[in-house]
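Q: Any chance you can model this:
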Amino acid sequence: MKTAVRTTTKTGGLSQVLEDFRQLTKVGLSLSVVFSSVAGYFLGAATIDYKVLLMLMIGGYFTVGASNAYNQIVERDLDAKMQRTKNRPIPSGRMSVNTAFVIATVCAVLGIVMLYLINPKTAMFGAISIFLYTSVYTPLKTKTPLSVFVGAFPGAIPFMLGWVAASGSFGIEPGTLFMVQFFWQFPHFWAIGWLLYDDYKKAGYCMLPTGKKDRATAVQVIMYVIWMIIVSVAPVTGFTGELKLSVVGAVIVGVLGLGMLYYALKLYQNKDNASARKLMLASVTYITLLQIVYVVDKFV
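A: Now for the predicted structure:
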């Protein structure tokens with residue numbers, strides 16, 4: 001039976017309105033994306049233009065926030081079925097679909113305009129990210145595990161976006177940053193898919209590569225972690241143009257990668273939620289520290 005579309009919004013105080021906006025745009029995720037973009041900007045900039053940096057941060061937040069808001073509009077009936085998402089603004093009835101659509105559209109327009117003021121290529125990649133996340137990745141989540149592959153494209157754009165914002169061009173340098181975050185997406189989201197398997201199953205999401213919490217899924221996690229490590233240390237070879245990494249930086253990044261590989265192997269060994277949780281936390285730590293190491297390595 002199809003759930004009726006809610007068109008009314010329950011009123012509340014200002015704190016509730018802000019909280020609903022925070023949930024609709026997924027502020028934690030959006031800020032982590034902004035962090036990736038800022039790291040990419042520092043790597044690509046010859047000199048730091050703080051006006052451009054501010055526009056990148058604001059534009060980046062609005063574009064990611066728009067993607068998240070559109071996602072919650074499309075998935076409102078499925079969100080109502082899951083314990084983790086049933087209290088979001090739309091499925092809980094606190095916000096109407098129309099209100100959420102207006103917020104999403106305003107965020108999308110403001111985000112793309114802000115990125116366009118930096119340069120057209122940055123705006124183009126921002127728009128592509130919104131389109132892929134909303135119109136391709138989101139519908140595929142209930143159809144095929146390949147949705148994670150599709151979702152890895154918009155998910156990998158932010159790190160690259162910062163370099164494009166700084167340089168106005170796309171080449172091997174932002175391409176390498178893209179590939180680092182692209183390969184990282186798989187172990188990260190499969191760890192989440194493993195951990196939330198039962199909740200996702202209620203909504204019919206197909207997030208794990210085999211559809212099961214099994215050995216084959218764990219093997220694929222390990223494979224993508226290895227590819228991630230290889231790409232992450234590649235700048236030390238000198239083959240990635242202006243994106244460079246010292247031997248010391250490469251060793252640190254490599255050790256961080258081996259730490260993540262350790263938790264991937266533990267998932268293969270134990271095949272339990274506790275190991276998936278540790279891998280998920282390790283993946284967040286890895287990508288954050290990697291971006292910090294890349295930036296520090298450039299300026300030290």
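Q: use CA for all of it now, contacts and neighbours both
A: Fine.
Q: quick one: residue 277 and residue 191 touch, right?
A: Yes - counting by C-alpha atoms under 8 Å, residue 277 does reach residue 191; the two are 6.8 Å apart.
Q: Between these two, which has more neighbouring residues?
A: Remark: of residue 277 and residue 191, residue 191 carries more neighbours, 29 against 19, as counted by other C-alpha atoms under 10 Å.
Q: Pull the residues that contact stretch 61-72.
A: 24-27, 30-31, 33-34, 79, 90, 100-101, 103-108, 110-112, 126-127, 129-131, 133-134, 138 (C-alpha atoms under 8 Å, 6 or more residues apart in numbering).
Q: whoops, stretch 104-122 was the one
A: 52, 55-56, 58-63, 65-67, 69-70, 123-124, 126-127, 130, 161, 164-165, 168-169.
Q: So for that stretch, mean pLDDT?
A: Taken as a whole, stretch 104-122 has a mean pLDDT of 96.
Q: Same check on stretch 199-208?
A: The model assigns stretch 199-208 a mean pLDDT of 87.
Q: Alpha carbons only: can I get it in PDB?
A: As requested, the backbone C-alpha atoms of stretch 199-208 are provided in PDB (Å, rounded to 0.1, in the frame of the first residue of the first chain):
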ATOM      1  CA  ASP A 199      17.400  -1.700   8.700                       C
ATOM      2  CA  TYR A 200      18.200  -1.300   5.000                       C
ATOM      3  CA  LYS A 201      16.500  -4.600   4.300                       C
ATOM      4  CA  LYS A 202      13.200  -3.200   5.600                       C
ATOM      5  CA  ALA A 203      13.300  -0.500   2.900                       C
ATOM      6  CA  GLY A 204      14.500  -2.900   0.200                       C
ATOM      7  CA  TYR A 205      17.900  -1.300  -0.200                       C
ATOM      8  CA  CYS A 206      20.600  -3.300  -2.000                       C
ATOM      9  CA  MET A 207      23.900  -1.900  -0.600                       C
ATOM     10  CA  LEU A 208      26.300  -4.800  -0.300                       C
END
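Q: Show me how to select, in ChimeraX, the buried members of the contacts of stretch 104-122.
A: Selection of buried members from the contacts of stretch 104-122 for ChimeraX, criterion 16 or more other C-alpha atoms under 10 Å:
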select :52,55,56,58,59,60,61,62,63,65,66,67,69,70,123,126,127,130,161,164,165
